[in-house]
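Peer 1: Make a model of this:
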Amino acid sequence: MSSIQSKDDIEIRLMEKKHMKEALNCFSVFDLQESLSTLEAFYECDSKAFYVAINRKDNRVIGACGAPVTTHNSGFLGLYVVDSEFQNRGIGKQLFESCLQNIGNRNCGLHAVPEKLEMYRNKAGFRVSEGISMVVCSGIPMNWQSLRQNVDKEIKIEVFNRDNNELLQKIIDYDSRVQMNGNREKLINLCLHNSGYTTFVAINDNTKQLNGFGCIRIDYEGKGMIGPVYGDNEIIGEVLIYNLLKSCPVTQTKGLLYMTISSSMTGIEISKKLELTETERCERVFTKHVIPVNHSLIYCLFSPNFGL
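Peer 2: Sure thing, here's the model as predicted:
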């Protein structure tokens, strides 16, 4: 299905690359977060999972939604938005249903904003709860220099060199460990080779084992957006976050978007150390089953829209 004619001269159709910036602009109006580089990567992995609503009168994107399939044959629905001028016309419902139709009989999850949780459960079939929420924080990170800066003598923190294929494979393997053997090789490859991403790794200098990694990029509004941050322990997680913030001075002027999970006490504690404002908690819900993931390794999640 490439397009559906809707009332009010609105067309629901598959997203094309040329629609991405307009979709993100529509999204950011509501203070919702995503970066162009992350959207591009998820789109490249599953381009038929993304839909837009087009106003035929001026050929403008006035809504969007996506549910890319990433791990464990499960989709994750996000980037769900309709321009306020066009709301209450059934456009959002058509976008949502187009994504679910593409998912078919496969499992799907989403981060449910509190005011929509009951609707997702009772009307859209997202009845399986993980018991964990995405915790959204933002603001100018204060006191970031007071975060832990060193792990121990054996663990070295360094910037990922995009030409280091051996280290890239270790990052892909570590991500698979976080995802409980879920394979996101293409996604990780695309993100880490994108110039918009800065990535740090934690490596044991003796064994050359990877003990964690973290990324930061710029969101559509120019703010720093941290994540994922994965690590073997809380010290590694905190030191990775320190280095990521140090590498991205724009966070001190434009601000930082920081998403952790409610089960990560360290992730939440770091947000408090940085004096970020917690703005929302969005429960993780699914249509069939919880997507397997090792929560103990997560300090900041990958994308607020498309999963941990």
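
Peer 1: ok, the nearest residue to residue 210 once chain neighbours are set aside - how many residues close by?
Peer 2: Leaving aside its chain neighbours, residue 210 sits nearest to residue 170 (4.2 Å; criterion: CB to CB, 6 or more residues apart in numbering). The way it works is simple: take the backbone N, C-alpha and C, and place the C-beta from them, glycine included. Other residues lying near residue 170 total 17 when counted by other CB atoms under 10 Å.

Peer 1: What of the one 3 residues further on?
Peer 2: By other CB under 10 Å, 12 other residues sit near residue 173.

Peer 1: And the pLDDT at it?
Peer 2: As summarised for this prediction, residue 173 has a pLDDT of 98.

Peer 1: still on that earlier bit, in which helix or strand does the residue nearest to residue 210 reside?
Peer 2: helix 165-178 (DSSP states H and E).

Peer 1: Extract the C-alpha trace of whichever helix or strand comes after that helix and format it as CSV.
Peer 2: For helix 165-178, the following helix or strand on the C-terminal side (DSSP H and E) is helix 185-192. Listed next in CSV are the C-alpha coordinates belonging to helix 185-192 (Å, rounded to 0.1, in the frame of the first residue of the first chain):
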residue,chain,number,x,y,z
GLU,A,185,23.9,-5.0,12.9
LYS,A,186,22.6,-2.9,10.0
LEU,A,187,21.2,-0.2,12.4
ILE,A,188,24.4,0.0,14.5
ASN,A,189,26.5,0.2,11.3
LEU,A,190,24.4,3.0,9.9
CYS,A,191,24.3,5.1,13.1
LEU,A,192,28.0,4.7,14.0
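
Peer 1: Where does residue 196 sit: helix, strand or coil?
Peer 2: Three-state call for residue 196 (DSSP: H, G, I helix; E, B strand; the rest coil): coil.

Peer 1: Grab the nearest non-local neighbour of it.
Peer 2: Residue 196 sits nearest to residue 37 (CB to CB, 6+ apart), 3.7 Å away.

Peer 1: Return the strand or helix carrying the one you found as PDB; C-alpha atoms alone will do.
Peer 2: Using DSSP H and E, residue 37 sits within helix 36-45. Once non-C-alpha atoms are left out, helix 36-45 reads as follows in PDB (Å, rounded to 0.1, in the frame of the first residue of the first chain):
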ATOM      1  CA  LEU A  36      17.400  13.200  11.700                       C
ATOM      2  CA  SER A  37      20.400  10.800  11.800                       C
ATOM      3  CA  THR A  38      18.500   8.300  13.900                       C
ATOM      4  CA  LEU A  39      15.400   8.500  11.700                       C
ATOM      5  CA  GLU A  40      17.500   8.000   8.600                       C
ATOM      6  CA  ALA A  41      19.000   4.800  10.100                       C
ATOM      7  CA  PHE A  42      15.800   3.200  11.200                       C
ATOM      8  CA  TYR A  43      14.200   4.200   7.800                       C
ATOM      9  CA  GLU A  44      17.100   2.500   5.900                       C
ATOM     10  CA  CYS A  45      16.500  -0.700   7.900                       C
END
